[in-house]
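A.B. asks: Give the three-dimensional model of this entry:
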Amino acid sequence: MKTLTLLRHAKSSWAIPGQRDFDRPLNGRGRKAARALGAEMKRLGLRFDLILASPAQRTTETLEEAATSYGPLPACFDERIYLAAPRTLLALARETDDDAQSLLLVGHNPGTEELALLLSAKGEKRDLMAVKYPTGALAELSFAVESWAEIDEGTATLTRFLRPRDLDPALGPDGAD
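C.D. replies: Predicted coordinates:
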């Protein structure tokens, strides 16, 4: 059994005109959402053998903020994840050492959402995820395989889909900041 958890970075700021996309930080709501998500991941007992993340500022800050309530989240930063297509993310997951049973991949949309939809089998949770995969959302996918190389389209069970607004309505689309 392998578990792939896909986390889209939390809400970021567009406040600095002309700032490179790569350098955009989280805004206040994004920081709150990441801390709430970290607390929920801890409460649920989620554990990760490996964490791969985009090195963009908003993804590194998402992990830093989540760690304040979860505990250490040591990541390997990989530039290939920054704005990656779903096939690139899938290739990275398939390259994971089979000693790791659980992988957390922290990235961006549309690649993160598209990969979650590509891999997950049909079902009610998938339908909810297909409506919108907002910033700060987390999808946990389970695969009945022994090797990461075996994960494939439509073969995952979407075991959970968490959105910041599910943890605190103020973190939803109409929240401040």
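A.B. asks: which residues does the residue nearest to residue 10 when sequence neighbours are not counted contact?
C.D. replies: Nearest-residue entry for residue 10: residue 30, 3.6 Å, with adjacent residues in sequence omitted and distances by CB to CB, 6 or more residues apart in numbering. Heads up, the C-betas are built off the backbone N, CA and C, glycines and all. Going by CB atoms under 8 Å, 6 or more residues apart in numbering, residue 30 touches 9, 10, 11, 12, 13, 58, 61, 62, 65, 135, 136.
A.B. asks: Next secondary structure after the longest helix along the chain?
C.D. replies: Using DSSP state H, we find that the single longest helix of the chain is helix 28-44. Moving toward the C-terminus from helix 28-44, the next helix or strand (DSSP states H and E) is strand 50-53.
A.B. asks: In this protein, where is pLDDT below threshold?
C.D. replies: 174-177 (pLDDT under 70).
A.B. asks: For it, just list every one of the helices.
C.D. replies: Counting by DSSP H, the helices of the chain are 28-44, 57-70, 86-94, 111-119, 124-131, 164-167.
A.B. asks: could the ones you listed go into CSV alongside distance to residue 141?
C.D. replies: Listed next are these as CSV, based on distance: least, CB to CB, whole Å:
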stretch, distance to residue 141
helix 28-44, 15
helix 57-70, 19
helix 86-94, 10
helix 111-119, 6
helix 124-131, 10
helix 164-167, 18
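A.B. asks: Alright, calling it a day.
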